[in-house]
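# Take this sequence and fold it.
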Amino acid sequence: MIRRKHVVSLLAGGALAIGAAFAGGAAAAPISPNLTGLAAANTRSDGFAPAGKLSPELKQHVVAQGSTRLENSSALTSFYGYDNDVLNASGNPQMVPVPANPGKEAHKTEPDKNVFLVFKRGLDGADPGYDYGSDFLFQGHESGVGGADLTRINLEADYEHRVTLLATTDVNGKPLAPIDGITWDPWAKRLLLTTESSGAPTYAATPNFPSAVTDVSGALGRGGYEGIQDDGDGNIWIVEDSGGSSKPGTTAKRPNSFVYRYVPAHPGDLQHGKLQALQVLNEAEEPITFAGQAALNSPDQLALHTYGKSFKTKWVTIHDTAVDGTAPFVSGDLAKAAGATPFKRPENGVFQPGSRFKSFFFDETGDTNATSPENGAAGGWGSIMEISQSDPSANNGKLTMLYRSDEAHAGLDNVTFLSRSSVTFTQDAGDTLHEQSNALDSGFVWNVGSDYSNPANQPLRWLAEGRDPSATLDAANGGFGSNEGDNEITGVHVSDGDPGVDGVLGAKVPNLESSRWRWFYTQQHGDNRTFEVELRHSRHDH
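You can find the predicted model right below:
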């Protein structure tokens, strides 16, 4: 139904989006599913906790939240989103300050990315006599006092069995480092977990209870890893979020993050293989390297963020276990030495469904500061990039920019496809940019077939995130020393849960009209609520 100019409509027979027609420009490709765009983000002001807003064609419900008690606890934590470091008189986490213990809160564990998997034969939990069903949602937790958590939401279970704590240590008893990215490797039959730190391991974990968590950074390396994704050949693509130093006298950040591809000796081998880093050639066909990006608004950065330009790419091997051994190593240093190309915090990436893993889209979060002098044309607001190859294992390809962000669409982070060509990226702009722009984060949808050099073509806002009272309290009090401020959208994920090799994200085209395909995201910080999103007219029965 067309309601306003900002509606993007998918009509029967594939009618084009109407937004561009009002401006007289070339029409944008349609968005699917058919959603009505929200006009604006929620505003940010002191002490104000606005409710989140969804496109009217969508509805959502909470599948777990920070105050959901774990079915099994540890000394570290007893609840989904809180540690046990600050307890009240009843022995429960003190989730907000109270007069008897002012200025203190229990530390929030921050459940992050989500992975949905369906195991027909079910999985064990802490209660050996309970049937946990077949549908499960996995998360690593980004923070923790004394270590981090790996949890599993049992989507078909009752409240007492809703969330299982799978692990707080690795197989050697070492506390888990804070976890950020997560994916499922069907060949290894392991969850892959990234830790966004060059000093912390990259992990592999079994999905059962208790989970066996192992360090695989002797082959995959260690870095500011965040996004992680298998391709159809069993290679593992890793997107790094490692903030660079400020360029002298400015808030512009030097590109300092890389895109990697791990090529295993055979699919599922997490101990033996080659780690490669993406190298982009400039218009003179010279590598765009870290050393050449120190200048403000460098020619290479301006070119990379210009619509219509295409750049040759190739993968350079930075570590080979057959030659270099299997001791853990820091990938970023090797990528710089090999002449790989740095980006402005490319946090997450995903393959386009139905592309046979030939097309990989990733975002740059950018500088997340309205005062950066590189916002206009050098990627300071961020971007969406595409790597195209003849096949996922090819050594060469090309890089193009789909979208150059502006202030309203800055700080893109998490990503998933909703259909064959409609991709959603959600924002993590951060409190500083929230305050500068007087806007909280949003989730948007782009059609990868659209020409976004035409200003009439704009992404559609499906989510205007709110701010729960707990996050509002944190934002006003510096997080009480350990907790974050404004809510963040993380873990946006669409999948049918297939744990086999045919279920690798990008192999199948999502169909949100079907009850088999499910859509999740987490409103991190504050109450740490994880939501399932549904189309209002669908007949999902979960």
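
# check contacts around the closest residue to G181 other than its chain neighbours.
Nearest non-adjacent residue to G181, counting by Cβ to Cβ, 6 or more residues apart in numbering: T194, 3.7 Å away. In short, each C-beta sits where N, CA and C put it, glycine included. For T194, the contact set (Cβ atoms under 8 Å, 6 or more residues apart in numbering) comprises 179-182, 202-203, 225-228, 238.

# which ones are touching H305?
377-379, 383, 401, 404 are the contacts of H305 under Cβ under 8 Å, 6+ apart.

# contacting residues around F209?
123-126, 152, 164, 166 are the contacts of F209 under Cβ under 8 Å, 6+ apart.

# Revised request: answer the last question for G478.
Counting by Cβ under 8 Å, 6+ apart, G478 has contacts G485.

# ok, now how distant is it from G485?
8 Å (Cβ to Cβ, to the nearest Å).

# Where do the strands of the stretch 101-250 of the chain begin and end?
If DSSP state E, counting those that start in this stretch is used as the criterion, the strands of the stretch 101-250 of the chain fall at 111-118, 135-141, 150-154, 163-167, 182-185, 190-193, 203-205, 213-215, 225-230, 236-240.

# Oops, could you answer that again for the stretch 351-500 of the chain instead?
For the stretch 351-500 of the chain, strands defined by DSSP E, counting those that start in this stretch occupy the ranges 359-364, 383-389, 396-404, 412-417, 422-427, 442-447, 460-464, 488-495.

# Just tell me which of those ends up closest to T251.
strand 359-364 (15.8 Å; Cβ to Cβ).

# Counting neighbours, show which residues of stretch 95-114 come out buried.
Counting neighbours by 16 or more other Cβ atoms under 10 Å, one finds that the buried residues in stretch 95-114 are 95, 105-114.

# Equivalent analysis for stretch 481-494, please.
In stretch 481-494, counting by 16+ other Cβ under 10 Å, buried: 482-494.

# Identify the farthest-apart pair in those.
Largest separation among the buried residues of stretch 481-494 by Cβ to Cβ: S482 and V494, giving 32.2 Å.

# Closest one of the contacts of F209 to D46?
For these, the nearest to D46 is R152 (37.4 Å; Cβ to Cβ).

# pretty sure that closest one is touching T206, no?
No: R152 lies out of contact with T206 (Cβ atoms under 8 Å); the separation is 11.0 Å.

# Looking at the two, which one has more neighbours?
The neighbour comparison of R152 against T206 (other Cβ atoms under 10 Å) goes to R152, with 27 against 18.

# what ranges of the protein fall below the confidence cut-off?
Applying pLDDT under 70 to the chain picks out residues 1-26, 539-542.

# end-to-end on stretch 103-123?
The first residue of stretch 103-123 is 41 Å away from its last residue (Cα to Cα, to the nearest Å).

# Verify the stated contact: N154 with D127.
No: applying Cβ under 8 Å as the test, N154 and D127 come out as separate, 10.3 Å apart.

# just how off-centre is stretch 116-132 within its chain?
26 Å (Cα atoms, centre = their mean, to the nearest Å).

# list the buried ones in that stretch?
Neighbour-count burial for stretch 116-132 [16+ other Cβ under 10 Å]: 116-118, 122-123, 125-126, 130, 132.

# Please render those residues as a markdown table that adds distance to I318 to the earlier fields.
Shown next, in a markdown table, are the buried residues of stretch 116-132 (distance: Cβ to Cβ, whole Å):
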| residue | distance to I318 |
| --- | --- |
| F116 | 32 |
| L117 | 31 |
| V118 | 36 |
| G122 | 41 |
| L123 | 36 |
| G125 | 40 |
| A126 | 41 |
| Y130 | 46 |
| Y132 | 41 |
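
# Closest one to D85 out of those residues, please.
A126 (22.4 Å).

# quick one, what contacts the closest one?
71-72, 164-165, 209.

# Likewise for G234?
Residues near G234 by Cβ under 8 Å, 6+ apart: 185, 187, 264, 266-268, 501.

# just P346 next, same as before
P346 touches 227, 239-241, 257, 259, 362-365, 385, counting by Cβ under 8 Å, 6+ apart.

# Same check on A212?
Counting by Cβ under 8 Å, 6+ apart, A212 touches 167, 171, 205-206.

# one more time with 7 Å
Shown in contact with A212 (Cβ atoms under 7 Å, 6 or more residues apart in numbering): 171, 205-206.

# Could you point out which of those is nearest to A429?
Set against A429, the nearest of those by Cβ to Cβ is A205 (30.4 Å).

# Tell me the bridge partners for that closest one.
L191, V213 (DSSP bridges).

# For Q301, see how far away it is.
Distance from A205 to Q301, by Cβ to Cβ: 37 Å.

# Same question for A157.
Taking Cβ to Cβ, one finds A157 at 49 Å from Q301.

# Just want to know which of those two has more residues nearby.
Q301 (25 against 21).

# and that one, helix, strand or coil?
Here Q301 is recorded as helix under DSSP: H, G, I helix; E, B strand; the rest coil.

# who are the neighbours in contact with it?
Q301 touches 293, 378-379, counting by Cβ under 7 Å, 6+ apart.

# how does it look with 8 Å?
255, 293, 374, 378-379.

# Tell me the spacing between the closest residue to S245 other than its chain neighbours and L473.
Once flanking residues are discounted, S245 sits nearest to R254: 5.4 Å by Cβ to Cβ, 6+ apart. Relative to L473, R254 is positioned 35 Å away (Cβ to Cβ).

# go on, L176?
28 Å.

# Please identify which of those two sits among more neighbours.
L176 (24 against 21).

# Could I get the phi/psi values of the nearest residue to that one once chain neighbours are set aside?
Among residues not flanking L176 along the chain, A148 sits closest, at 4.4 Å (Cβ to Cβ, 6+ apart). Main-chain dihedrals, A148, degrees, to the nearest 10: phi -110, psi 170.

# I figured A148 hits K174, correct?
No: A148 is beyond contact range of K174, at 11.3 Å (criterion: Cβ under 8 Å).

# More neighbours: those two, which one.
The residue with more neighbours, out of A148 and K174, is A148; 28 against 12, by other Cβ under 10 Å.

# Residues in a beta bridge with S495, which ones?
Taking DSSP bridges, one finds R518 as the beta-bridge partners of S495.

# how about stretch 195-202: buried residues?
If you call a residue buried by 16+ other Cβ under 10 Å, then stretch 195-202 has these buried ones: 195-198, 200-202.

# Buried members of the contacts of G234 into ChimeraX, please.
This is how ChimeraX selects the buried members of those, with burial counted by 16+ other Cβ under 10 Å:
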select :185,187,264,267
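
# which residue lies farthest from the center of this structure?
No residue in the chain sits farther from the centre than A100, which is 38.5 Å out by Cα atoms, centre = their mean.

# Got the phi and psi for the closest residue to it other than its chain neighbours?
Among residues not flanking A100 along the chain, A89 sits closest, at 7.3 Å (Cβ to Cβ, 6+ apart). When read as degrees, to the nearest 10, the backbone of A89 gives phi -60, psi -20.

# What separation do you get for A89 and N101?
Distance from A89 to N101, by Cβ to Cβ: 9 Å.

# repeat for T289
52 Å.

# cool, and D112?
Taking Cβ to Cβ, one finds D112 at 28 Å from N101.

# Buried only: go through the contacts of P346 for me.
227, 239-241, 257, 259, 362-365, 385.

# Show me what the helix or strand encompassing F520 is packed up against.
Assigning secondary structure by DSSP states H and E places F520 in strand 518-524. Other helices and strands packing on strand 518-524, by 3 or more Cβ pairs under 8 Å, 6 or more residues apart in numbering; DSSP states H and E, are strand 111-118, strand 135-141, strand 488-495, strand 529-535.

# circling back: write the ChimeraX selection for whichever of the contacts of H305 are buried.
Selecting only the buried entries of the contacts of H305 in ChimeraX, with 16+ other Cβ under 10 Å as the criterion:
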select :378,379,383,401,404
